[in-house]
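A.B. asks: What would the 3D arrangement of this be:
(chains A and B)
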Amino acid sequence: METLEQQINGTNSLAELEKVRIELFGKKGALAQEFAKLKDVPGPEKKAFAEGLNKKKAALQASFDERYETLKKEEIEKLLKSEAIDVSLYGNLEQKGAYHPVMATMDKIIDYFVALNFSIEDGPKVEDDFHNFEALNLPKNHPAREMQDTFFCKDGAVLRTHTSPVQIRTMLQQKPPIRMIAPGAVFRKDYDLTHTPMFHQIEGLVVDKKGEISFANLKAVMSDFLRHMFGDVEVRFRPSFFPFTEPSSEVDISCIFCKGDGCRVCSHTGWLEVLGCGIVDPNVFDAVEYKDVSGYAFGLGVERFAMLLHEIPDLRMLFEGDTRLLEQFR
Amino acid sequence: MIITRSWLNNFLDISEVSDDTLYKTLNAIGLEVDSIINYTIPEKVIVGKVVSCEKHPDADKLNVCQIDLGAGIVRQIVCGAANVVHAEYVAVATIGAKLGDDFEIKHAKLRGVESEGMVCSSSELGLPDMGNGIMILDDSIGELVIGKELNEYTKLADTLIEIELTANRGDCLSIYGVARDLSAALNIPMKEFDYESKSQAKIGLARVARLTTEGNVNASLEYIMANISELKTSLLFTLRLSLLNELSEDTLANIIKYITHTTGVIVNAYDVSNVELGDEMITINAKNVNDTIEISVNDKPCALLGIKQKEECKATEKSTQVLFQASYMEPEQLVDVVSEQKLETDEYYYNTSRGSEPNLCFAISYLTYLFEVYYDSTLFDGTLTLEQESSKKIIAISVEEISGIIGNDIPTTQMTNILKSLNFGVQSMGENKFGIIVPEYRHDIENIQDIAEEIVRIIGIDNIEAHALKFVEKNRQNSTMQKYYAKKELRSRAVAAGFDESVSYAFTDKSLLEKYSLPVVDEAYDIINPITNDFNTLRTTIAINLLQAAQRNVHYSKKSTALFEVGTIFSKKREEKEVFALIYTGQKDSENVSNAGKPANMDFETFVKKVSAIVGNFELRASTESNELLHPYQSADIVMDNRVCGYLSKVHPSVTDAFDLKETFIAEIDFEALVPQHINAHSISKFQGVYKDLSFVMDKNIPYNQVSLCIEALELPLLKKFYAVDVYEDEALGENKSLSLRLFIQSLEDTLKDEEIEMTVHSIIEKLQEEYGASLR
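C.D. replies: All right, here's what the predicted structure looks like:
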């Protein structure tokens, strides 16, 4: 019997063990042969012989089960080992793409104003003189037109120099109260380190009954918006001039790089100019034949926001599909 | 607009106002400060008096000067500048003076001659370059005291402030104008300039000259005349004009520039040196010519008022008899004629078109003062004047309305005090109502909101309390907003699929569009003033922009580039359309261990999968585009809802060559087609369906989409879907191919019966046989 035991424990694989199982426990196996001897055992010894055989069978079965477990474990271990790979080689096989930082910044700005229940409005990129200039209190030959170098088309149309014409279109199509933003591309004939012939603006306009909307309201929303965008910054309003607003103001934030101490980015002033705004000029309301209304308007350059927010050094790079820049935003 | 502290000080005592306060106040009142430069002259640079000057024994170009440095000290200093010979007072950097981080003046020997100091030029002292040689001092900067530190002369060691003036503030295009605005904000009274001519000239100007007008001459004019013997530009003028970067060769031109910059009044000088004096021998005629005002002197047209003075009529430093003209015209009169008649303008048009100073007397008395006191010239007695009838602008305001615009309650007295300090007339018109008379120089003030702005800028926006707006709300989620969110979703999927978002100019190079037979915006609608030739037309496709972007990335050693853009393109008739465009160039996978670092390049199938993952299902049909960007045999129309809404193609190899690209694929789809549509659910069958495969032999030139359209047209109710699963061609098939279709057949109402399946299959076989002669394999 020891040899049978040895046979079981001597197996090195499940296949070998299976062979041994058949040799031992099979119909013609060693145990079956032993049990066959039972019929030749004399009566009185039969019981003891059978008991001995059953014991032996149970012991062998236990050995077998134990061996099976061991070998099964080894087998799985072997399989697992054979499947081993260096998982660290497989990081980053696929990349997701990146939002363009200017578009992502535009999204963030839009989200703020949509949360304040501003509608989004749109208008054509190729505009007529009326919507781009005339209705915005920029009469022909006005020196203020020189502030914006314009692309002209042969038929007299212009590429919109700002998103402000969308104000006019919206006011003509809708009725007050109005609360809108107009995001989109605008065009100016200017091309150097800090200017590109196309860039993006977001225009905002709020119109309600006369006396309802004041400069104090504009100040509140602009301050909150800029803190939403840039975090804990100081906001400064400076009187300025835009033909379509009066009073007008340029808005600065304390420099986000030097915290107002003065650095290269803020030209050592401690302030960064980020947007323009004001109370809608009565001439603009006249142009769209609105009576007894008041309103405020604002406009900002999205590239400027994006460059400040993400410390992007070069404006022109933003328009070149340069993946060295873009992939940083994945 | 450039101002300096000492210059401002002529009209406003700002000696007690710090630079910081000045900077803050200018910004607060809307005169944005661009930069501030403090000119500091190093210590131990002092006023010296040249006692003598001799040629250096050993060097032609050097002079050996004995210079009095005060307190009885005379030092020998070797100087290389030629103009030291004519100098009396000079700036001397004495021993120990530091003219730079590592430039300290020490005892020196120049070619054997002892030198104890240095005679300085302006640039050596950190001042603007004012021409060749050393800086010769004169008392225009203050009384010259030998030995006095130069830094104590505040007109030299001045503070320059550059203001970025907005287009509406023509009144601040002068030192006087800025001082006037600051006076209100700082609450410091103006030092008005006043000078009475002390001239004992015997001849009255009215005797020798006559001013006449022809037609409607809507302008103010004032003339004086001077006999000039010698002009020189003082150090102060030279310095200040150098700070403005306006120093010219001609002394008289410098003086005029200086007067205009100081007073804001436009001054012209006419040369009348050759006119013999006699009764009314000089005639000045102002004549309306096509709505411009032409000034003729002795019948010779010399200037278009406010627009341009003819060069040949300009007096120069050589002129001995000069007629000075101060003039004013309303800017509105000028800008339209100049633009419509395309008139040439001179440097002063910038001022006149924005509104120059109308106070002509001011400039005339300033001129008189300068020429009598500084230049020792003789002036003719009196002036010739033409005064324009000016109607005063009066704006009715109410305190409540102004407070309403600002959003804070502004007390009446504060409001009226501010307006008075800005020289507005204030007339009471009942309780809290006023008529505001606008000063003539404030061209920008037209209505009550302009008045509100004056109040706001003097109070300071920072002092206005912010209030949140109360607003009656309504639903503002319009279709533009829905489209914006659809676009955002699309972009997010493109990003998830590994494409980087690109933004490119809405312009392209016309020659490239033409080269590849792409549509071009009709000339009649195209831009006429492009910025460069690369961007000389409105783009009709984003493809070129993307190919160029891909090319740039190849040049940055990128082995693959995947970009997308949602942007505007234009039709031939310049109609605008937004498209979603994608490009993929180069390797389709990253280089990694699973491809032994050699991934295959992008192929048609993989690109289609990527695009589908972003935009959803679409049908591809053989391309109907005929441009030369596309690969003729791997290009397709993208069809959604049975409408061609874009294309997808391998880029033609000659194009990829031209852009230095490997295998490149491109697609452009109308954004409108990608805006999600409303969807209604349809009923789902409870009954089992069956799949059936059918293989047909048919002409190999028949594209799959024709077959599929043909089957769809049958509108078989049980055919839930079908698709191609195999295409096979070999020699035995010849001009034919074998196309295997898999059908899924299912009924909504019932368990399928064999004959129903048979019917469906049979209809398809019959139809394809009929249409294309296809037979079952």
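
A.B. asks: Of all the residues in stretch A:116-133, which ones are buried?
C.D. replies: Residues of stretch A:116-133 classed as buried: A:116, A:118-128, A:131-133 (neighbour count, 16 or more other Cβ atoms under 10 Å in any protein chain shown). The way it works is simple: take the backbone N, C-alpha and C, and place the C-beta from them, glycine included.

A.B. asks: Could the C-alpha coordinates of it be exported in PDB?
C.D. replies: In PDB, the C-alpha atoms belonging to stretch A:116-133 read as follows (Å, rounded to 0.1, in the frame of the first residue of the first chain):
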ATOM      1  CA  LEU A 116     -26.900  83.800 -14.200                       C
ATOM      2  CA  ASN A 117     -29.600  83.100 -16.900                       C
ATOM      3  CA  PHE A 118     -28.000  85.000 -19.700                       C
ATOM      4  CA  SER A 119     -29.100  83.700 -23.100                       C
ATOM      5  CA  ILE A 120     -26.500  82.900 -25.800                       C
ATOM      6  CA  GLU A 121     -26.900  84.800 -29.000                       C
ATOM      7  CA  ASP A 122     -25.100  84.600 -32.300                       C
ATOM      8  CA  GLY A 123     -24.600  86.600 -35.400                       C
ATOM      9  CA  PRO A 124     -22.800  86.500 -38.700                       C
ATOM     10  CA  LYS A 125     -19.000  87.000 -39.000                       C
ATOM     11  CA  VAL A 126     -19.400  89.100 -42.100                       C
ATOM     12  CA  GLU A 127     -21.400  92.200 -41.000                       C
ATOM     13  CA  ASP A 128     -22.700  95.300 -42.600                       C
ATOM     14  CA  ASP A 129     -21.600  98.800 -41.600                       C
ATOM     15  CA  PHE A 130     -24.900  99.500 -39.700                       C
ATOM     16  CA  HIS A 131     -24.600  96.600 -37.200                       C
ATOM     17  CA  ASN A 132     -20.800  96.700 -36.800                       C
ATOM     18  CA  PHE A 133     -20.400 100.500 -36.500                       C
END
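
A.B. asks: pLDDT of it, averaged?
C.D. replies: Stretch A:116-133 shows a mean pLDDT of 95.

A.B. asks: what do you get for stretch B:522-530?
C.D. replies: Average pLDDT, stretch B:522-530: 95.

A.B. asks: same question, stretch B:27-45
C.D. replies: Per-residue pLDDT over stretch B:27-45 has a mean of 92.

A.B. asks: is it true that B:Q634 touches B:K650?
C.D. replies: Yes - here B:Q634 lies in contact with B:K650, judged by Cβ atoms under 8 Å, at a distance of 3.9 Å.

A.B. asks: So if I had to pick from those two, which one is more boxed in?
C.D. replies: The residue with more neighbours, out of B:Q634 and B:K650, is B:K650; 23 against 16, by other Cβ atoms under 10 Å in any protein chain shown.

A.B. asks: wait, what's in contact with A:D107?
C.D. replies: The contact partners of A:D107, taken as Cβ atoms under 8 Å, 6 or more residues apart in numbering or on different chains, are A:Y99, B:K488.

A.B. asks: Doesn't it belong to a strand?
C.D. replies: No - going by DSSP: H, G, I helix; E, B strand; the rest coil, the assignment for A:D107 is helix, not a strand.

A.B. asks: Chain A: strands as residue ranges?
C.D. replies: Ranges of strands within chain A are A:119-120, A:126-127, A:158-159, A:178-187, A:198-209, A:235-242, A:245-254, A:271-280, A:293-301, based on DSSP state E.
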